[in-house]
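>>> Any chance you can model this:
(2 chains)
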Amino acid sequence: MTTEHDIAPPGAAARPTTGRAPRRPRALGGAAARLAFLGPGIGYLIVLLIVPLALIVGYTVFRRGRFGGVVYEATTENFTRLFDPLYFDIVVSSVRTATLTTLIALLIGYPTAYVIAGLPRKWKTIALVAIVLPFWTNFLIRVYAWVILLSGPGLVNETLTGAGLIDEPLQLLYNQGTIVTGLLYSYLPLMVLPLYAAIERLDPQLREASANLGARPVRTFWSVTLPLTLPGVLTGCVFVFVPCLGNFVIPEILGGGRSIMVGNLIRDQFLKARDWPFGSTLALAVIAVLVLLLFVQAWAARINGGAEDRRA
Amino acid sequence: MSRTRYTRHLPAAVVAAGLALALAACGGSSTSADGTAPSAAADQLNPNADLSKQSLTMSIWPDYSPKDLPQQVQQKLGFPLKVALHDTNEMAMAKLTANADSGVDVAFVSGQYAQALNEQGLLEPLHPELIPNLANLYPEAAQLSFDKGNKFSVPYTWGTTGICYRSDLVKTPPTSWNDLLTPAPELKGKVTMMTTERWLALPALKVMGASINTTDDKQLGQAKEMLVKAKDAGMLYDDTTFGAKLDKGEAALVEAWDGWCPTTNPKIKFVVPKEGSDLWSDTMVIMKTSKNKEAAHAFINYILDPAVHSWVAENILYKVPNKAAMDLFAKNNKAMLDSNAPLQMTPAELLKGESIVDLGEASTKYTRLATEISANQ
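Numbering: from 1, shown residues only, chains lettered A, B, ... in the order given. The predicted structure follows:
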């Protein structure tokens, strides 16, 4: 969500200084104060973002060590392995699963957020709390709950057989559909919340104006509401897509271990195969895909922001 | 009961995960590939050293030793014991090899890890004269192929892998690994295997009559074909919760480590298939860098005391390679022993199993095999 602020228009940095010319004498103290406020944040970023990232990038060009870690012999083997069909196909199928989940989340999340934004204040709060509520329970427990719900002797099958709707318990668990369901359940709130924020911010008068000018509700949605909430849509999509791509618990528990996603592959390189360099290379590849996505999102947000400016 | 079950499964899970990791990942460095093991020379130790001047740090899996062990050691041996934990063999290796001195005196790791550590010259050869309780061990305990004669490791627990099944859900009791790989049609969707590389390959390799330590590409290719066929026919994979699934009837027949098969449920049985299986062992080793080697030997000797070592069988339901301890356990816990088939296995039966050994660089073949099976749709 912050990306749109990160990319400032050229010259933006120069503007404030001219406006603040009278404050020049206090610049030194100001710099110190800025450093004091920025320090913890910058320190945090250096220690927990820059250093680990540098390690990951560094590891990608070395060989694996017998006990984990790396042997400092340069090699490009890790990168050529990325294109080994075995690994490449896993990455592609993970991207496919994450994309499918994101699209379904958008189709469910948008109407949900739209309705919530239109509720009276009191109900709005209740609805939002209900959306966030699942996060109060441990993620693993919620995933296991799905196993209990869907398993052969589980709740859903018991109910259906009890009601006489089916004779044999259905095989609901351990397939691609279950994985998508699990991912969708886990990350849907991350789609709803940014969408809600975007729709809520929308001036109702714009829709009224559109109606006054003769647009039917469908036209109003496509021409006014959707374009103006597009940054929220993209933010929600990135929020859902990113953790979906990295997830390794759901394929294991709800997928019955029958399929593997890139998250599992990376985890296994560190915890099973003791191949830190290849694990790092895979992680770097995923990061590259995600950064690309963030750029697309920032770009779209900027185009949109520009459109808004022109209207203003 | 539930308490017992908890203590039993948690460490078991952890051990198993650790073992698994170990096997999967023991890719060797170039130094060990040529088979020259730089085994370290033994230090001169003083049998009359004043132990109260020493102190000991051990690294072990959580819940794998008595909670009050430090107090016992302080009281009986007269030196303080600090317990450090590792969740997996992998983490133990990271800790033991990251720095020149890890600060750990005694480490608990699986056999093939002990082997790998020894090949790197990181272990102190044992001084049997300082461990008189070695006499309590079964003679078979010195036959483990990663360390014949217990030169650098003392086995703490041992066991094997087999088929754990629900006798009420299976028409004919399984006798062969084939019953797992090509299960009867009525069991579709109710059969699980382990995904951890070496145990994933084990059933197929055993059916072929191959060694579970094979590095032959043709044999591994054949094993892959069998495993892909099993997956196509609906095989599920589970490394940690298969016991609970059997208990609930969600699974009917699973590949399982002996200590993990919940035979406390009378409908659940355990069998070692006729083609044979593995023999795993978790061991105690003394680090070369230890400055408390006399205390370390005294500590291992204390663990081998029947009253201490039988704690493992009683609380974790793992077999220990200690005859005196198993006899004591059998005397005090007859009911528990009678209801638990895996605990009744004799050392001779166990020794028919093949020890999984560290394969060095060739272990990556097993990793690739496992990835290929997982990725096959």
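>>> tell me the domain ranges of chain B?
Domain segmentation of chain B under automatic domain parsing yields B:28-159+B:280-345, B:162-276+B:359-375.
>>> Tell me which of the ones you listed lies nearest to residue A:142.
Among the domains of chain B, domain B:162-276+B:359-375 comes nearest to residue A:142, with 15.8 Å by Cβ to Cβ. C-beta here means a position set from N, CA and C on the backbone, and glycine is covered the same way.
>>> Show the end-to-end separation of the closest one, please.
End-to-end distance for domain B:162-276+B:359-375: 25 Å, by Cα to Cα, to the nearest Å.
>>> any idea how far it is from the chain center?
The chain centroid and the centroid of domain B:162-276+B:359-375 are separated by 17 Å, computed with Cα atoms, centre = their mean, to the nearest Å.
>>> how about the CA coordinates for stretch A:104-117, as CSV?
The C-alpha trace of stretch A:104-117 is given here as CSV (Å, rounded to 0.1, in the frame of the first residue of the first chain):
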residue,chain,number,x,y,z
ILE,A,104,-11.6,-15.8,-6.8
ALA,A,105,-10.7,-13.6,-3.8
LEU,A,106,-11.3,-10.5,-5.9
LEU,A,107,-14.6,-11.8,-7.1
ILE,A,108,-15.8,-12.6,-3.6
GLY,A,109,-14.0,-9.7,-1.9
TYR,A,110,-15.2,-6.8,-4.1
PRO,A,111,-18.9,-7.3,-3.5
THR,A,112,-18.3,-7.9,0.2
ALA,A,113,-16.2,-4.8,0.6
TYR,A,114,-18.8,-2.8,-1.4
VAL,A,115,-21.7,-3.9,0.8
ILE,A,116,-19.7,-3.3,4.0
ALA,A,117,-18.8,0.2,2.8
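>>> for chain B, which spans come out with low pLDDT?
Residue ranges of chain B with pLDDT under 70: B:1-42.
>>> now the strands: where do they sit in it?
Assigned by DSSP state E, chain B shows strands spanning B:56-60, B:81-85, B:106-110, B:154-159, B:161-166, B:191-193, B:236-237, B:253-257, B:268-271, B:278-286, B:354-355.
>>> Now stretch A:184-203 - C-alpha only, PDB.
C-alpha atoms of stretch A:184-203 as PDB (Å, rounded to 0.1, in the frame of the first residue of the first chain):
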ATOM      1  CA  LEU A 184      -8.700 -18.400  -0.200                       C
ATOM      2  CA  TYR A 185     -10.000 -18.800   3.300                       C
ATOM      3  CA  SER A 186      -6.700 -17.700   4.800                       C
ATOM      4  CA  TYR A 187      -6.100 -14.600   2.700                       C
ATOM      5  CA  LEU A 188      -9.500 -13.300   1.700                       C
ATOM      6  CA  PRO A 189      -9.500 -10.700   4.500                       C
ATOM      7  CA  LEU A 190      -6.300  -9.200   3.000                       C
ATOM      8  CA  MET A 191      -8.400  -8.600  -0.200                       C
ATOM      9  CA  VAL A 192     -11.500  -7.200   1.600                       C
ATOM     10  CA  LEU A 193      -9.700  -4.700   3.800                       C
ATOM     11  CA  PRO A 194      -7.800  -2.600   1.100                       C
ATOM     12  CA  LEU A 195     -10.900  -2.800  -1.100                       C
ATOM     13  CA  TYR A 196     -13.000  -1.600   1.700                       C
ATOM     14  CA  ALA A 197     -10.600   1.300   2.300                       C
ATOM     15  CA  ALA A 198     -10.700   2.300  -1.400                       C
ATOM     16  CA  ILE A 199     -14.500   2.000  -1.700                       C
ATOM     17  CA  GLU A 200     -15.100   3.800   1.600                       C
ATOM     18  CA  ARG A 201     -13.000   6.700   0.400                       C
ATOM     19  CA  LEU A 202     -15.000   7.100  -2.700                       C
ATOM     20  CA  ASP A 203     -17.100  10.300  -2.700                       C
END
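>>> For whichever residue of the stretch 101-250 of chain B sits closest to chain A, list the residues it contacts.
Closest to chain A within the stretch 101-250 of chain B is residue B:237: 3.0 Å, counting by Cβ to the nearest Cβ. Residue B:237 sits next to A:256-258, B:192-195, B:200, B:374 when contact means Cβ atoms under 8 Å, 6 or more residues apart in numbering or on different chains.
>>> Would you mind giving the strands of chain B as JSON lines with distance to residue A:125 added?
Shown next, in JSON lines, are these (distance: least, Cβ to Cβ, whole Å):
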{"stretch": "strand B:56-60", "distance to residue A:125": "50"}
{"stretch": "strand B:81-85", "distance to residue A:125": "44"}
{"stretch": "strand B:106-110", "distance to residue A:125": "53"}
{"stretch": "strand B:154-159", "distance to residue A:125": "55"}
{"stretch": "strand B:161-166", "distance to residue A:125": "49"}
{"stretch": "strand B:191-193", "distance to residue A:125": "45"}
{"stretch": "strand B:236-237", "distance to residue A:125": "43"}
{"stretch": "strand B:253-257", "distance to residue A:125": "48"}
{"stretch": "strand B:268-271", "distance to residue A:125": "50"}
{"stretch": "strand B:278-286", "distance to residue A:125": "54"}
{"stretch": "strand B:354-355", "distance to residue A:125": "62"}
